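>>> Return a 3D structure for these sequence lines:
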Amino acid sequence: MKIWLPHKLGLPYLHDLPAAVDIEVADDPATLPSDPETVTFFVPTVLDQPQFHDVVPRMRALAGSPTACTGWCATRSTGTSPGNPSPTVSTAEPDASGAATGPT
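Next comes the predicted model:
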């Protein structure tokens with residue numbers, strides 16, 4: 001598994017990983033650390049760094065990439081959050097405007 005991080009400051013937080021995990025810093029799309037076709041997990045930047053819009057389509061092995069709204073999106077789609085790991089299922093149906101109506 002190959003992981004690309006947006007900045008070297010993330011490296012100290014990743015330790016005791018299996019030997020099969022290869023972590024590289026991809027902080028500039030002009031100088032990629034390796035072939036993007038072999039990246040399986042890409043962490044995009046949320047800082048003012050160069051964008052990888054042209055590189056992502058070349059990531060043929062990409063299996064996942066977090067977004068800036070990960071916590072909120074996970075809560076909305078699964079009913080779970082870090083403080084509430086038990087999923088809840090919403091039975092609310094959207095009305096014509098897309099707003100949820102009925103019990104949740």
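>>> For the rest of this, base every contact and every neighbour count on C-alpha atoms.
Fine.
>>> Could I get the full set of helices for the chain?
70-78 (DSSP state H).
>>> show me where pLDDT drops low in it?
Scanning the chain for pLDDT under 70 picks out 47-49, 68-104.
>>> quick one, strands of it?
Ranges of strands in the chain, per DSSP state E, are 2-5, 22-25, 41-42, 93-94, 100-101.
>>> I'd like these laid out as CSV, including mean neighbour count and distance to Met59.
Below are these laid out as CSV (neighbours: other Cα atoms under 10 Å; distance: least, Cα to Cα, whole Å):
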stretch, mean neighbour count, distance to Met59
strand 2-5, 20, 11
strand 22-25, 16, 14
strand 41-42, 20, 9
strand 93-94, 12, 35
strand 100-101, 12, 36
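>>> For Arg60, find the nearest of those.
Distance to Arg60, taken as Cα to Cα, is lowest for strand 41-42 among those, at 10.9 Å.
>>> rewinding a little: mind putting the strands of the chain into a markdown table with distance to Asp54?
A markdown table is the format used below for the strands of the chain (distance: least, Cα to Cα, whole Å):
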| stretch | distance to Asp54 |
| --- | --- |
| strand 2-5 | 15 |
| strand 22-25 | 17 |
| strand 41-42 | 14 |
| strand 93-94 | 36 |
| strand 100-101 | 36 |
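>>> so which of those comes closest to Ala61?
strand 41-42 (8.5 Å).
>>> Now do that closest one: which elements does it pack against?
If contacts are counted by 3 or more Cα pairs under 8 Å, 6 or more residues apart in numbering; DSSP states H and E, strand 41-42 sits against strand 2-5.
>>> The strand it packs on packs against which elements?
strand 22-25, strand 41-42.
>>> CSV for those strands, including distance to Ala61?
Output for the helices and strands packed on strand 2-5, formatted as CSV (distance: least, Cα to Cα, whole Å):
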stretch, distance to Ala61
strand 22-25, 14
strand 41-42, 8
